[in-house]
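*Asks:* Quick one, what's the 3D model for this:
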Amino acid sequence: MDCAKEKCIALTYDDGPSPLTPKLLKAFTDRKATATLFMLGNAAETYPQIVKQAQTQGFEIASHTYDHKAISDLPDAKVAWELSRTNAVLQKLTGSKPTLVRPPYAARTSRTDQIAGAHGLAVVVWNNSPEDWVAGHDTAAIITKLTLQRASRNSILLMHDIHPWTVDAAAPTIDALQKQGYTLVTVTQLLGATKAGTLYPAA
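*Replies:* Alright, predicted model coming up:
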């Protein structure tokens, strides 16, 4: 995959896995597309088979910390625990240690980035989002419309696979993006090699 030549876009989903995630995976795999799933460690422990399914089907599995705390507010030892615990959970389930973390709420500082780097994690935020958590953004039609409006080449879009409207929007969104010539890729496919402790996209 060469995103210098292809019209790439990375759709990313936070806060899972959830009971809705298999439907999301099917929407992508049926269309020969992929995405990055920023998973919570405690949710991964709750739904281990979904984690394994996502990994088997070629989705990128990344960290979203263990229990969705704003790590910028936590002391160093607690930040380290959030990251190391989630790394251990995901590595046990997939056989691979994650290389990317998305801090909940994008609440990060140079201090937390440095701690992430010590745990082998690059820090990934996003360029845009249909804001599927906002009141009124709670139908598949609205999420599809906003995603298409806010999509651009080489962008990283934020969504959540805990919302039924977002999961329901996946199939029509993928269809429309592919019709517009986009290739849907993982964050790592989009960015290439990342450096632990570095923020992407750059601020």
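*Asks:* can you give me the helices in this structure?
*Replies:* Assigned by DSSP state H, the helices in the chain fall at 21-29, 41-46, 48-56, 76-94, 110-118, 140-150, 164-179, 187-191.
*Asks:* Contacts for the fifth one next, please.
*Replies:* Residues outside helix 110-118 that contact it (Cβ atoms under 8 Å, 6 or more residues apart in numbering): 71-72, 76, 79-80, 83, 101, 103, 122-123, 195-199. C-beta coordinates here come from the backbone N, C-alpha and C atoms, glycine included.
*Asks:* Buried among the residues you listed? Make that a ChimeraX selection.
*Replies:* ChimeraX command restricting the contacts of helix 110-118 to the buried ones, with burial defined by 16 or more other Cβ atoms under 10 Å:
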select :71,79,80,83,101,103,122,123,196,197,199
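*Asks:* taking the contacts of helix 110-118 one by one, which sit in strands?
*Replies:* The strands, defined by DSSP state E, take in 101, 122-123, 199 from the contacts of helix 110-118.
*Asks:* burial count for the spatially closest residue to His137 that is not a sequence neighbour?
*Replies:* Once flanking residues are discounted, His137 sits nearest to Glu131: 5.5 Å by Cβ to Cβ, 6 or more residues apart in numbering. Other residues near Glu131 number 15, with proximity taken as other Cβ atoms under 10 Å.
*Asks:* Over to Val134?
*Replies:* If we define neighbours as other Cβ under 10 Å, then Val134 has 11 of them.
*Asks:* Would you list the phi and psi of it?
*Replies:* Main-chain dihedrals, Val134, degrees, to the nearest 10: phi -80, psi 140.
*Asks:* again with Arg108
*Replies:* The phi/psi pair for Arg108 (degrees, to the nearest 10) is phi -150, psi 160.
*Asks:* just to revisit the earlier point, dump the helices of the chain to JSON lines, plus distance to Ser63.
*Replies:* Converted to JSON lines, the helices of the chain look like this (distance: least, Cβ to Cβ, whole Å):
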{"stretch": "helix 21-29", "distance to Ser63": "16"}
{"stretch": "helix 41-46", "distance to Ser63": "7"}
{"stretch": "helix 48-56", "distance to Ser63": "12"}
{"stretch": "helix 76-94", "distance to Ser63": "5"}
{"stretch": "helix 110-118", "distance to Ser63": "9"}
{"stretch": "helix 140-150", "distance to Ser63": "24"}
{"stretch": "helix 164-179", "distance to Ser63": "20"}
{"stretch": "helix 187-191", "distance to Ser63": "12"}
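*Asks:* Any idea which of those helices gets closest to Asn127?
*Replies:* Distance to Asn127, taken as Cβ to Cβ, is lowest for helix 140-150 among the helices of the chain, at 8.5 Å.
*Asks:* Cheers, nothing more for now.
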